[in-house]
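# what's the 3D shape of this:
(2 chains)
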Number of protein chains: 2
Amino acid sequence: MHYPNGKKNNGMKQVSAANRSMKFSNRGMTLEKDINTTNTFYWDTNKAVIHKKPTPVQVVNVHYPKRSAAVITEGYFKQPSTTDYNGIYRGRHIDFEAKETRNKTRFPLANIHYHQISHMKSITAHGGICFLIIRFSAHNETYYLPAESFFPYWDEQFNEGKKSIRYEAIKEKGYKIPFHFQARVNYLTIIDQLYF
Amino acid sequence: MHYPNGKKNNGMKQVSAANRSMKFSNRGMTLEKDINTTNTFYWDTNKAVIHKKPTPVQVVNVHYPKRSAAVITEGYFKQPSTTDYNGIYRGRHIDFEAKETRNKTRFPLANIHYHQISHMKSITAHGGICFLIIRFSAHNETYYLPAESFFPYWDEQFNEGKKSIRYEAIKEKGYKIPFHFQARVNYLTIIDQLYF
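Residues are numbered from 1 along each chain as shown, chains lettered A, B, ... in the order given. Just a heads-up that it's a prediction; the model follows:
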């Protein structure tokens, strides 16, 4: 990305104290782009086959103009019932969700849905490799958090009303994902360490 | 489904000779519904976690009305680059495409895209269980065709210009999927036979 002043924007300047929560508009897209680039690199080098699932859209109205493609004229975004990414690596089923936050000290649990957790628990129970990729953009750090380490925090929020996970806890329970020029979020290296 | 005359429509009456090819409008939906019912049953009974991927939509314009959900006012259907279904069963990665034809004697290769085949070849190479579910609605028969058995036919169409597979060949190379009241396309029984 290019910025007008030639410097990299660390993404913190526009964030007010009241606004230090998940930003999905631009921030989310940066991590998503990095993961897509990584997955393309994994595909090109025949390391793994991992894709982002399309965003689910409920199509209500479609217009069929003559001689051209059908146009969706009314549609709505639906809440995803699974994670965003899945595929296969070294014969194992891979399944993960990716989230980015500008918050310096906590990862908010908002925007992860109940259905996604049920899905992740099932994937884990059936022998899949399931995890979250969490980026703290303020620290420019991206973590691999195994689903098994994440579930207790998720369950705790209902018992104890804690609606976020401390940055320090993710640092402790998670694994920092190394940056690689072509695999910008090189998460397979963590899977290699943990499973192979 | 209920029909006005109380009888099950076998789907053949409206098909003219010139029209005996793939029908994706209603026909495709019937198989899709049966597979979705099956997958829900597998999920409910904790047998497997298999989902249909959302249809990819390229969103061009979104309207954000006050106090209500965002409306997509211009969008286009994109060609899928992967198969429609994937997930996990007994620890193995599952990946398949489902197609229905009214044709009595041949399964046309149209509507399966080059990118989908590349994807299926990669999934197979990485150790996934990859296959097609093919329904001949005229015969009321649904087949499981392993991807490895399908690839030669796909490759042949470029060499020899054969743009379809004979019904008899699918009967021979494929496995008839049994009907089950709740798992209407009970394909896991075939996977059990072939892989476990």
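# what about the helices in chain A?
All helices of chain A, identified by DSSP state H, fall at A:27-44, A:114-125, A:147-160, A:167-173, A:188-195.
# of those helices, which approaches residue B:175 most closely?
The closest of the helices of chain A to residue B:175 is helix A:114-125. By Cβ to Cβ, the value is 26.5 Å. C-betas here are computed from N, CA, C, even on glycine.
# that closest one: how far from the chain's middle?
If you compare the mean C-alpha spot of helix A:114-125 with that of the full chain, they lie 15 Å apart, counting by Cα atoms, centre = their mean, to the nearest Å.
# need the residues of chain A near chain B, please.
Taking Cβ under 8 Å from any Cβ of the partner chain as the contact definition, chain A meets chain B at A:43, A:46, A:48-49, A:51, A:53-57, A:59, A:69-78, A:81-82, A:86-93, A:95, A:119, A:122-123, A:125-128.
# among these, which ones are in strands?
With strands identified by DSSP state E, the entries of those that belong to them are A:48-49, A:51, A:57, A:59, A:71-77, A:86-89, A:92-93, A:95.
# the residue nearest to residue A:164 when sequence neighbours are not counted pairs with what?
Distances taken as Cβ to Cβ, 6 or more residues apart in numbering or on different chains place residue A:106 nearest to residue A:164, at 4.0 Å, with adjacent residues excluded. With DSSP bridges applied, residue A:106 shows beta-bridge pairing to residue A:166.
# again with residue A:59
Listed beta-bridge partners, residue A:59: residue A:75 (assigned using DSSP bridges).
# make sure it is actually in contact with residue A:78.
No. Look at residue A:59 against residue A:78 with Cβ atoms under 8 Å: they stay out of range, at 10.2 Å.
# mark which of the ones in strands among the residues of chain A next to chain B are buried, thanks.
Under a neighbour-count criterion of 16 or more other Cβ atoms under 10 Å in any protein chain shown, the subset of those counted as buried comprises A:48-49, A:51, A:57, A:59, A:71-75, A:77, A:86-89, A:92-93, A:95.
# mind putting the helices of chain A into CSV with mean neighbour count and distance to residue B:168?
Written out in CSV, the entries for the helices of chain A read as follows (neighbours: other Cβ atoms under 10 Å in any protein chain shown; distance: least, Cβ to Cβ, whole Å):
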stretch, mean neighbour count, distance to residue B:168
helix A:27-44, 17, 36
helix A:114-125, 18, 39
helix A:147-160, 14, 46
helix A:167-173, 15, 57
helix A:188-195, 15, 44
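# export the ones you listed to CSV and append columns for mean pLDDT.
Converted to CSV, the helices of chain A look like this (pLDDT from 0 to 100):
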stretch, mean pLDDT
helix A:27-44, 88
helix A:114-125, 95
helix A:147-160, 89
helix A:167-173, 97
helix A:188-195, 97
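# residue A:185: what's it in contact with?
By Cβ atoms under 8 Å, 6 or more residues apart in numbering or on different chains, the contact list for residue A:185 reads A:31, A:34, A:35, A:38, A:133, A:142, A:177, A:179.
# for chain B, see how far away residue A:176 is.
Separation of residue A:176 from chain B (Cβ to the nearest Cβ, to the nearest Å): 26 Å.
# surely that residue touches residue A:139?
No. If you go by Cβ under 8 Å, residue A:176 and residue A:139 don't touch, sitting 10.1 Å apart.
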